[in-house]
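Novice: Please work out how this folds:
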Amino acid sequence: MNTKSSDSQLQARIAAARLRSLDWFDRMQAEGRPKGVTRISPHQDIATWPGMLLPGTYNATMGRALLGDLKRWTAAEHNELADWLLAFRRPDGVFRIAGMDDEDVYKKKNKAETWRYIDFHVTNYSIGALAFLRPEEKPRLNFIFPWLDPTFLKAWLADRDLRDPWQEGNNIVNLCSFLILLGPEHRARAETALHEIMEWHYRLQEPATGFWGVGQLSDKLRALHAMAGSMHNFHLWYALGIDLPYQERAVDFALEQEPEIVSACIDVDLVDLLAHAHALIDYRRTDIEAWLKELLAKLLSFQSDDGGFADTREGTWRQDGWVRGYEEPQGISNSFATWFRWIAIAMIADCLWPGWHAWNFRRMIGIGYRKPFCLEPS
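Specialist: From the prediction side, this is the model:
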C-alpha cells in the first residue's frame, strides 16, 4: 500500500469516526437540561449522581469544540450552556462537583492538598469549556492570589512530592494555566511567579530523560509516570515560547514505548509529547511520524460501537479524586475518554497532515492544549 493511499484511508476513517462521536455526544444529552448538558456515560443515573453532569459536560463541550461542532450552535445555545456551567462556580472562582464530600475524596493524606488538586483540575476544565462557549468571559481567579506571594509559592513548590510526578504535573500545569490567565493588574506578579516555577523545574529536571520524578531511571512504571506528569509541565515551555531542555531525550523515551493502546491518559500524553516535539525541534521527525501513524490506526479501531471511546477495557473508572463516589465499569464509552482520545487523534492528524482539517484545540494549557503552529500543508 503506498503512503498516499494509506493517508487517504486514515483520513476517511477519521472523518467517519468524528461523525459517530458527535452523534454519541448528542445521545448523552441530559433530558430537561440546556443543550449540551451531558451525562458522563450511559451508565450515569442522573437522579443519584447529578454532580457528574459537570465533568460530563465540560468533557463533551471541549470534545465538541475540538471537532468543530460548537460552530453550528446559536449564540443563545452557547450562552445558556455557559450559564449552566457558571452555576457550579463558587465566589472565589473555584468550580466544584456537587456531592463530593471530605470523607469521599483522596489524592494525598493532607485533605487541603486533596481538595486543591481536585479544585484545580475541575476548575481548569470548566474554564476551558467556558472559553469555547463565551470567549469574552473573564474567569474569576481570586482563589489563585495566594500563589502570587513569593513566600507562599516557594513553600508550595517545596511541598511537591516527585515520588508522584503524574499528580504533581497536573497540579503545576493547572496552577500555571491560572497564572497565565490573570488580568493586566496582576501581570507583573504572575510573571514573577511563573519565573520562580521555571527555576524550580530547571533545578530538578532529570537530564537523562527530560522528565521530573523520583526513581524514573530504575523503574519502568516510575519512568512512564514521570513521562505522563512531565508532559503537563512541558506545556509551560510551549506556551511561553522557551526552548525545553533535554527535549530530544523525552522523544527517545516516547519512541521506545510500543505504539499500543494503554489508557486514554497515557496515550494522549505520549502523542502530545511527540506531536509538539515534531513541530518544535528537528529531531527524529520520520520516526515520530511512523510511530504516530501506527498508533492512529489503533486509536480509530478502539472506537466503541456506539461511537464513543472507552478509557480501558477492564477495571473500574472513577472521577479523579472521588475514591468513594461515582464509579462505573471500564470498557464503556464516557465523555472523558472520548474527549481525550479525540485530542490524541486530532494531534496526530495535525502533525501528519497540517492544514488537512481545522481542529479547534484549546489555547489554555492543560490536556487538549496545542501550541498554534504556522506550518504549510505538506
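Novice: Buried ones in stretch 186-199, by neighbour count?
Specialist: For stretch 186-199, the buried set under the neighbour-count rule, 16 or more other Cβ atoms under 10 Å, comprises 186, 189-190, 193-194, 197-198. Using the backbone N, CA and C atoms, a C-beta is placed for each residue, glycine as well.
Novice: who touches that stretch?
Specialist: Here stretch 186-199 makes contact (Cβ atoms under 8 Å, 6 or more residues apart in numbering) with 145, 147-148, 150, 153-154, 157, 172, 175-176, 179-180, 182, 236, 240, 242.
Novice: Repeat that for stretch 360-376.
Specialist: 62, 65-68, 70-71, 124-125, 127-128, 131-132, 173-174, 176-177, 180-181, 232, 235-236, 238-239, 268, 272, 275-276, 279-280, 339-340, 343, 346-347, 350, 354-355, 359.
Novice: hang on, the earlier thing: now restrict the contacts of stretch 186-199 to buried residues only.
Specialist: 147-148, 153, 157, 172, 175-176, 179-180, 182, 236.
Novice: List just the nearest of those residues to residue 52.
Specialist: residue 175 (25.1 Å; Cβ to Cβ).
Novice: Just to check, the closest one is in contact with residue 147?
Specialist: Yes: at 6.2 Å, residue 175 counts as touching residue 147 under the criterion of Cβ atoms under 8 Å.
Novice: a markdown table for the buried ones among the contacts of stretch 186-199, including distance to residue 26?
Specialist: Formatted as a markdown table, the buried ones among the contacts of stretch 186-199 follow (distance: Cβ to Cβ, whole Å):
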| residue | distance to residue 26 |
| --- | --- |
| 147 | 39 |
| 148 | 42 |
| 153 | 44 |
| 157 | 44 |
| 172 | 36 |
| 175 | 35 |
| 176 | 34 |
| 179 | 36 |
| 180 | 33 |
| 182 | 36 |
| 236 | 36 |
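Novice: what two of these are the furthest from one another?
Specialist: That would be 157 and 182, which, of the buried ones among the contacts of stretch 186-199, are the farthest apart (Cβ to Cβ) at 18.2 Å.
Novice: Now stretch 233-253: average pLDDT?
Specialist: Stretch 233-253 shows a mean pLDDT of 97.
Novice: Now do the buried residues in that stretch.
Specialist: Neighbour count says stretch 233-253 has 233-239, 244, 247, 249-253 buried, by 16+ other Cβ under 10 Å.
Novice: Alpha carbons of that stretch, as CSV, please.
Specialist: Only the C-alpha atoms of stretch 233-253 are listed here, as CSV (Å, rounded to 0.1, in the frame of the first residue of the first chain):
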residue,chain,number,x,y,z
ASN,A,233,4.9,20.6,32.8
PHE,A,234,6.2,20.9,29.2
HIS,A,235,3.1,23.0,28.3
LEU,A,236,4.6,25.9,30.2
TRP,A,237,7.6,26.0,27.9
TYR,A,238,5.5,25.6,24.8
ALA,A,239,3.1,28.5,25.9
LEU,A,240,6.0,30.8,26.8
GLY,A,241,7.9,30.0,23.7
ILE,A,242,11.1,29.0,25.6
ASP,A,243,13.3,26.1,24.5
LEU,A,244,12.7,23.0,26.5
PRO,A,245,15.9,21.4,27.9
TYR,A,246,16.6,17.7,27.0
GLN,A,247,13.6,17.5,24.7
GLU,A,248,15.4,15.0,22.5
ARG,A,249,15.7,12.6,25.4
ALA,A,250,12.0,12.8,26.1
VAL,A,251,11.4,12.0,22.4
ASP,A,252,13.7,9.0,22.7
PHE,A,253,11.8,7.7,25.7
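Novice: please begin residue numbering at 27 from this point
Specialist: Sounds good: first residue 27 from here, last item stretch 259-279.
Novice: Quick check: residue 341 vs residue 353, distance?
Specialist: To residue 353, residue 341 is 10 Å away according to Cβ to Cβ, to the nearest Å.
Novice: neighbour count winner among these two?
Specialist: residue 353 (14 against 11; other Cβ atoms under 10 Å).
Novice: how about the nearest residue to the more buried one, chain neighbours excluded?
Specialist: Counting by Cβ to Cβ, 6 or more residues apart in numbering, residue 344 is the residue found nearest to residue 353 once chain neighbours are left out, at 4.8 Å.
Novice: Isn't that neighbour up against residue 356?
Specialist: No: using Cβ under 8 Å, residue 344 makes no contact with residue 356, being 10.0 Å away.
Novice: So between these two, which is more surrounded?
Specialist: Applying other Cβ under 10 Å to residue 344 and residue 356 shows that residue 356 carries more neighbours, namely 17 against 14.
Novice: re the thing from before, from the buried ones among the contacts of stretch 212-225, which land in helices?
Specialist: 179, 183, 198, 201-202, 205-206, 262 (DSSP state H).
Novice: How about the contacts made by residue 154?
Specialist: So residue 154 contacts 84, 88, 388, 390, 392, 394 (Cβ under 8 Å, 6+ apart).
Novice: picking that back up, phi first, then psi, for the residue nearest to residue 353.
Specialist: Backbone geometry at residue 344, expressed as degrees, to the nearest 10, gives phi -130, psi 150.
Novice: how near is it to residue 54?
Specialist: Relative to residue 54, residue 344 is positioned 18 Å away (Cβ to Cβ).
Novice: Check residue 84 too.
Specialist: Per Cβ to Cβ, residue 84 is found 13 Å from residue 54.
Novice: Residue 243 too?
Specialist: Relative to residue 54, residue 243 is positioned 43 Å away (Cβ to Cβ).
Novice: same question, residue 70
Specialist: Residue 70 sits 9 Å away from residue 54, going by Cβ to Cβ.
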